[in-house]
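K.L.:
quick one, what's the 3D model for this:
(3 chains)
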Amino acid sequence: MTTLDTLLLFSLLTVLVSGLGVRLKMIGWVSAIMFAAQFVALLFMGGLGYGGSAIESSVSLTILNQPLSWRFDSLSWFFALITIGSALASSIFAAGIWAKKFHKHDGKPGLLQFAIALNVFTMLLLLASGDLLSLFVGWELVSWASLLLMVMAGGSSSQWGLRYIVYATAGAMAVLAGIGLIYHLTGSFSYADLANTAATFSSTNIVILSLLFIAGFGVKMGLLPFHLWQAGAYAEAPGPGSAFLGAISSRMGLYAMLVVVIQLIGLARLIAIEIPFSFLSLRDMLMWVAAFTIIFPTFTALRQNDARHLLAWHGIGQGGYMMMGILVLNPLGSAGGLLHVFNYASNQAALFLAISAVVYRTHTADLNRLGGLVTRMPLTFVVLLVGIIGLAGIPPMNGFVSKWLIYRSLIVEGMPLLFVATVIGTLGTILSVYKLIHNTFLGQLRLEHEHIREVPWSMLAPMLVLASVVFMTGFMPGLVLDWVVSAQAALGIPQLAHTLGGVESATGNLDMIWITLVLFGGFGVGALLFYSGNKAKRVHQLDNYAGGHFLTADDRYHYSNNFYAGLMHHIGSWYRGTFKWLESSIISIVSLLSGSTQRLFHSFHPALFLLIAATLSLYFFVG
Amino acid sequence: MNNIAFNVALPLLTAFLLPIISSGSKSATRFVGPFVLLAMLWFALAYFNVLQHPVAIALGGFLPPLGISFHLDNLSLLMAALIPLMMLLLWPYNNREGFREESLLLLLAGAASGLALSGDLFNIYVFYELLSVASFGLAAANRTAAAFAATFRYVIISGLGTVLALTGIALIYTQTGTLNLAHIGLLASQLNNPVGLSAFALIVIGIGVKAEIFPVNGWVPEVYSTASPRISALLAGLISKLAVLVIIRLLVVAYQGSQALTLLLVLGMLGIIWGELSAWHSKDLKRMFSFSSIGQLGMVLVAFSIPGDAGMAAGIAMMLHHLVVKPGMFLLTENWNGPIKKLKGAATSSPLAAFLFMLFALSMIGVPPLPGFWAKLLLVTGLVEANAPLYIIALVVLLTATVIEAHYLMSTALKIFSRGKKKHFKKLLQTPFNLTIATIFGAVLLAALFTLTPLGNKLNQIATESSDRSLYIKTTLSLKLPPQVKQQVSKVQ
Amino acid sequence: MNEILLTIIEVIMMPIVAFIVGLFMVLMMRKLAARLQRRIGPPLFQPLYDIIKLYGKQTQISHGLIHDIGIIMAVGGYVAAEALLPVPGMDGIAAKGGLVTLAYLTMVPSLGLALGVGQCANPNGSIGISRALTSMLAYDIPFIIVVFGVAYHFSSTNLVSIIATQQAGGISTWGISEMPVLALAGLFALHASLGKQPFEIYIAPAEIATGPMVEMGGKFLGGLFVMQSFQLYTASVLYVSLFLGGGENWITFLLKCFAVLAIPIIIAYLFPRYRTDDLVRLVWKWPVMLALIGVAFVMN
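P.N.:
Residues are numbered from 1 along each chain as shown, chains lettered A, B, ... in the order given. Model (predicted):
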């Protein structure tokens, strides 16, 4: 029994216990404790975070003469840490008072815990996969487990879930085809065989394989043009479920892509392949896909009027950064991409939980029906603020560090347009997260929200812990960079030289410890200046005027709708819904075809088909 | 060792005796059928246990190529065991109206066993006709106008099909002068010409009517959506597989050339496309399952068109999987007929049925680790290994079809699991019997999941054995043979 | 240890210097405006008097803690940013951050201001912030292309080494002589980033009552005043460091800074303002094009 077995066993137990006790009141806390146990079990494997060698599972199977095995390396450990961490936070959030209200509104808190536990277990299986077959098994299990989490809220979420599962199945089939091709080329499903023979594959095969795998795994990452399902599917899940899904679910696509495309096939092959009639290599093309994945969803997020949808769209865009960083393939870029997985997960979990807290109190996530909550829910505001600074990638939060690494890598490699694309994404993020915090927490407080209170501690605690993770890993990115570098080693790509404060390099350092301290020093100076001034009189939140006359609280003057009117005036016409159009035209084609196939069954007598078929096949052989 | 012949004789005899028995004692009518089926199961399993290598049996002492011969290998015995087993599961235990249905079922069992075991084309033809007659009766058994109309369609196309098949058989006879499969195998080179291949095409199209092969499956949606779920389950699950079995026997012994395989591949692909697209468009559960059954049979055909062991293994796996899943699904339609829209909230009134639906649907889509996935994996690897453009196209078709399949099955599942009015589905409790049987199918599926390793080994063994042409020929011809045949054998060898 | 102590002293000194220089820059701006409008303009210490007056005012209206914190962040962010801008004799923590960090650190004050304004619940303020952030989206794109070009040219994001390279090679190696197109684009972006005419739509006194400043009085406005002097300083010093070889000594350094700043200020008072969307179109068209051409030259 290895430590990996223990971890998987704990995880399985969590699934079983939360599944059997799905109706019990205490199940929330029981599952939370079991997630904590998984976390501890993971910490026992902590050596992996610091370059330890891979841990094998003692369980292995042989089905249809194909061996299946499981193991954990530093990369798996890194992803597992994020998975279990976000599950733990979501589970605690959902365990206490939140569950009561959820239950009252016809929700099933036990089922939520079960769904999260199931997702964690399947994700661990995927992360632990030791060959292509177990990878695919894990991949499909993850896909279907997340469907449960997506549709359990009922209502419109089931439509999103359906959309998701169609995309996911399409992706899985692409992966299956890819794995099939590898089986044909290497004669087995083992990682080692693929890694050893990948160099002998022809360029055509490499192109086919990388397209199949990147499309297949990319579906889960929401890579353009396979992104349409994601925002709704993640946003419409029950609050903590959204937090968990948003934080980690689509990163499984990244993990699988890392293993197959980077670790086993190797990016060098992709760089070597030129796309005809263009200046681009296959790798460059994928980087552009990543760039568009950053830009389009981010600017779609800008137009959302539902806080959850806004965040979920950003999730797609941030995935583009990770992909971009990894494809740069210098130590800076790949470290940035991997680090961003961690940073983004902590931001997104914090943000989704904060928004869930708002929904818990106000029953809406509509950005046009909120406002001024900062005085009512100050701690939630702080969490949201920390989260958006991280998400936007502004110092001193952790999101800045990972994005800095990606920017730097693009500068070093001399890729100006991609660099600009990433920056445009960041600026779009800043705009839309400001809209998020402005429309919910700033501005006019609505009368019906005048008496709401801060959410209880069972919900606040995980939020605050996440917020402090966002800050601490921004202050001392070296903590996480240690794990990232181990993961880089496991992937067999160049490793980043780093310090506790950031990066040490001849052409540009980053020392977040100094920067953060100086920034807070600056704030101190600012505060000193501010409070040395004459004492300010605090006016009541509802005491306002505009245009020279006083406004009563029942006038709604919160500037929230069409927040960036000037910008939209200019770029509004660029939102053409091309991808939606593409999707609906595919559906129309299928619908047309299926309608005609079915009609053919009805309109002629079957005997006619028999004769036609007989004639044609005779013609095939004789003619 | 000849008592395997009882598997054919006993049910046929009982079927004809049943009217007489029923005039004597009503209760005896109800027990004799299951008893006969149990006996058949016993014989088949007894053989299965002792069978070391394939055996041929000449019935009544008449030797091949003239006499009736049975070919017993793992595959035919497996089918011979599955026939009574499925019949037992789908037997109308609560039927109190008389003997008609029981009698037809026994007739079907006998004919089906004969079809599974026969080693020569003439007998196959005879049993096939018998099978058709029984299935017509069963399809119309609930005596609604719609069922009669559908059965009429079925009768016409089936009749034409048999004519084609008989023509094909006759063509083979003109080319080789024999109808014994092994003997045909021996003379396979004489069939590798336009006439021989035309014979194959005619047989495939003719027998394909039962195997739901595109495009001779126009009867499928009509019959399955009007017949009772049990009968649909039986026809879709079992009978279609027997027709496929005939085709693969012919394929293995005589048509290893690429042209015959291409025909199967193309028909299979078209079946997948046609079936899945139509299923996507269906607004009613029974029709949806019928069309998806067409699609699945298409996949089976595609699998068998892959040359060698790989194709055989994939095909048998797909076949067995469909044999478990589709009957289970049809049984669930008992009270879920009518438009799919009305299924909203069905899960609240019968969670078990909803769970079973989900289980079958997932396995059919091929979600690991359910058995359906492993069957599909075999098919995918087989197609890739076949490494020819047409097989790659088939792979693309298969994978695309899976996406379509996932869409319609999941959109139904989500309707079932959505929260709706509970009133509509109180009815389901009236027929817990079908649900119980469906549960058994579900349990079989889950049991298969936990015994994947041994099942996989057995599957490989069966596949290697049944795709071995020379083994088939040798087995039959190990009997005492007339001198002129022996001469041919030595010539070939 | 000694080194750390030295850095700390520099980090404290640099914002103080920046503040003083920044006040003079405000003075220059107001003087220039006055001269262009045929007035005499304020006396030498007027900016300082203004700040002291604002901080000392009797009426100080706060709309809540975030309103206060917003101002603190607006000032504090720039104070910190100054420590990343090397001046003659002092490098501060410039080597620990670099160009990209500086670019993003200067967003902290904007964010602080935005938060503070949001808390005031005045729709005019919110509209102003919406416009301000939009213009930031506009001018940051050419700016960041310029940053890329410079960093690629000097193959470093470390401002200290960028300046050192320029100073070692003399005028011919200055950014402006090696990358004239980028320098032009940079000037454009710098102008837009100052929020002066014609890019001051988010203040728009006539329609949205000075936008972000609408609820700012007393020390709140004073804070913004301080922020503005820092902003002028930061923008000009950054430009000087990137294109004009930084400061060999304080005299040339200040000369360069004031000269750079004079250009946008003169343009500002000679031209009317743009609507937000015109601004976006203008800034995305010319400076972006210029900057991209500049980068293309650099990378050749």
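K.L.:
what about stretch B:44-56, start to end distance?
P.N.:
With CA to CA, to the nearest Å applied, stretch B:44-56 spans 15 Å between its terminal residues.
K.L.:
in that stretch, what's buried?
P.N.:
Buried positions in stretch B:44-56, judged by neighbour count with 16 or more other CB atoms under 10 Å in any protein chain shown: B:44, B:47, B:54-56. Where you see a C-beta, it was placed from the backbone N, CA and C, and this is true even at glycine.
K.L.:
please apply the same query to stretch B:248-259.
P.N.:
For stretch B:248-259, by 16+ other CB under 10 Å, it's B:248-257.
K.L.:
contacting chain C as well, which ones from those?
P.N.:
Near chain C, judged by CB under 8 Å from any CB of the partner chain, there are no entries from these.
K.L.:
show me which pair in these is furthest apart.
P.N.:
Put simply, by CB to CB the two of these set farthest apart are B:R249 and B:G257, 16.0 Å from each other.
K.L.:
turn the buried residues of stretch B:44-56 into CSV, including secondary structure.
P.N.:
Listed next are the buried residues of stretch B:44-56 as CSV, based on DSSP: H, G, I helix; E, B strand; the rest coil:
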residue, secondary structure
B:A44, helix
B:Y47, helix
B:P54, coil
B:V55, strand
B:A56, strand
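K.L.:
for those residues, which one is nearest chain A?
P.N.:
Nearest to chain A, judged by CB to the nearest CB, of those is B:P54 at 22.6 Å.
K.L.:
surely the closest one meets B:Y472?
P.N.:
Yes. With contacts counted by CB atoms under 8 Å, B:P54 reaches B:Y472, the gap being 7.1 Å.
K.L.:
which residues are common contacts for these two?
P.N.:
B:71, B:73 (CB atoms under 8 Å, 6 or more residues apart in numbering or on different chains).
K.L.:
how about the helices in the stretch 1-150 of chain C?
P.N.:
Along the stretch 1-150 of chain C, the segments classed as helices by DSSP state H, counting those that start in this stretch run C:2-36, C:46-56, C:65-82, C:94-97, C:99-105, C:107-119, C:123-153.
K.L.:
select, out of these, the one closest to B:F214.
P.N.:
helix C:123-153 (56.7 Å).
K.L.:
next structured bit after that closest one?
P.N.:
Using DSSP states H and E, the next helix or strand after helix C:123-153 towards the C-terminus is helix C:159-169.
K.L.:
so which elements touch that next one?
P.N.:
If contacts are counted by 3 or more CB pairs under 8 Å, 6 or more residues apart in numbering or on different chains; DSSP states H and E, helix C:159-169 sits against helix C:94-97, helix C:99-105, helix C:218-243.
K.L.:
off-centre distance for that helix?
P.N.:
Counting by CA atoms, centre = their mean, to the nearest Å, helix C:159-169 is centred 22 Å from the centre of its parent chain.
K.L.:
only alpha carbons, please: show it as PDB.
P.N.:
What follows is helix C:159-169, C-alpha atoms only, in PDB (Å, rounded to 0.1, in the frame of the first residue of the first chain):
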ATOM      1  CA  LEU C 159      15.500  49.700 -16.400                       C
ATOM      2  CA  VAL C 160      18.900  50.000 -14.800                       C
ATOM      3  CA  SER C 161      20.600  48.100 -17.500                       C
ATOM      4  CA  ILE C 162      18.600  49.800 -20.200                       C
ATOM      5  CA  ILE C 163      19.800  53.200 -19.000                       C
ATOM      6  CA  ALA C 164      23.300  51.900 -18.600                       C
ATOM      7  CA  THR C 165      23.400  50.700 -22.100                       C
ATOM      8  CA  GLN C 166      22.300  54.000 -23.500                       C
ATOM      9  CA  GLN C 167      24.600  56.000 -21.400                       C
ATOM     10  CA  ALA C 168      27.600  53.800 -22.300                       C
ATOM     11  CA  GLY C 169      27.000  54.300 -26.000                       C
END
